[in-house]
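Novice: Turn this into a model:
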Amino acid sequence: YDAYEIIKALKETVILSYLSSGVAYCLERVAPESGLLFSMQVGAHLPLYSGASAKVLLAQLPDAEINEILKRVKLVPITPNTITDPKKLKQNLQEIRTQGYSYSDQETDWGARAVAAPIVCAKLGIIAGICVVGPIPRMEGEKLEMAKKLVVESARKITRALTTP
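Specialist: This next block holds a predicted model:
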């Protein structure tokens, strides 16, 4: 799946994020015609500890690097749902690694839920994250489960394309 296939299936916004200088930058954002705009606009950045598109990048880093980042960065809430306890954040990052995707519920935008999966290259490590975000009433139940599946499949497809000569 690519962004347009995800949008066609879910009718929600797709974001491609990448890690640079300790923050998550929005490389691309593609929204359906009737889509809502969220804080992650092209060129904008979020701290690595908040939101699905950022935490999926942080979770792929080695533990030592995560610890260094958490020593340097103050965990300031963007919304009341932002994880600001380092121990809880590390637990959440382990869950992300185990399940293969990140989920956030109003961590950066009120009324929004998001799911993101990592795009990883064996030679380079974490390259980017692909994320789908939408309003809570439309991102629950079967649709939320479909979003998880499509985002993970899309990330795997992109990863395979990057690693196949």
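Novice: I'd like the distance from stretch 145-160 to the chain centre, please.
Specialist: Averaged C-alpha coordinates place stretch 145-160 at 12 Å from its chain's average position (Cα atoms, centre = their mean, to the nearest Å).
Novice: Next: stretch 88-100.
Specialist: Relative to its chain's centre, stretch 88-100 lies at 13 Å (Cα atoms, centre = their mean).
Novice: Can I get that stretch in CSV? Just the C-alpha atoms.
Specialist: In CSV, the C-alpha atoms belonging to stretch 88-100 read as follows (Å, rounded to 0.1, in the frame of the first residue of the first chain):
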residue,chain,number,x,y,z
LYS,A,88,6.0,5.0,31.1
LEU,A,89,7.4,6.3,27.9
LYS,A,90,10.0,3.6,27.8
GLN,A,91,7.3,1.0,28.5
ASN,A,92,5.3,2.4,25.6
LEU,A,93,8.4,2.3,23.3
GLN,A,94,8.8,-1.4,24.2
GLU,A,95,5.2,-2.0,23.3
ILE,A,96,5.7,-0.2,19.9
ARG,A,97,8.7,-2.4,19.2
THR,A,98,6.8,-5.6,20.1
GLN,A,99,3.6,-4.8,18.1
GLY,A,100,5.3,-3.2,15.1
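Novice: what's the average pLDDT for that stretch?
Specialist: In this model, stretch 88-100 has a mean pLDDT of 96.
Novice: repeat for stretch 106-123
Specialist: Stretch 106-123 comes out at a mean pLDDT of 89.
Novice: go on, stretch 22-33?
Specialist: 79.
Novice: One more: stretch 152-162?
Specialist: The pLDDT scores in stretch 152-162 average 88.
Novice: roughly how far apart are E5 and L124?
Specialist: 25 Å (Cβ to Cβ, to the nearest Å). C-betas here are computed from N, CA, C, even on glycine.
Novice: and Q106, how many neighbours?
Specialist: Look at Q106: counted by other Cβ atoms under 10 Å, it has 17 neighbours.
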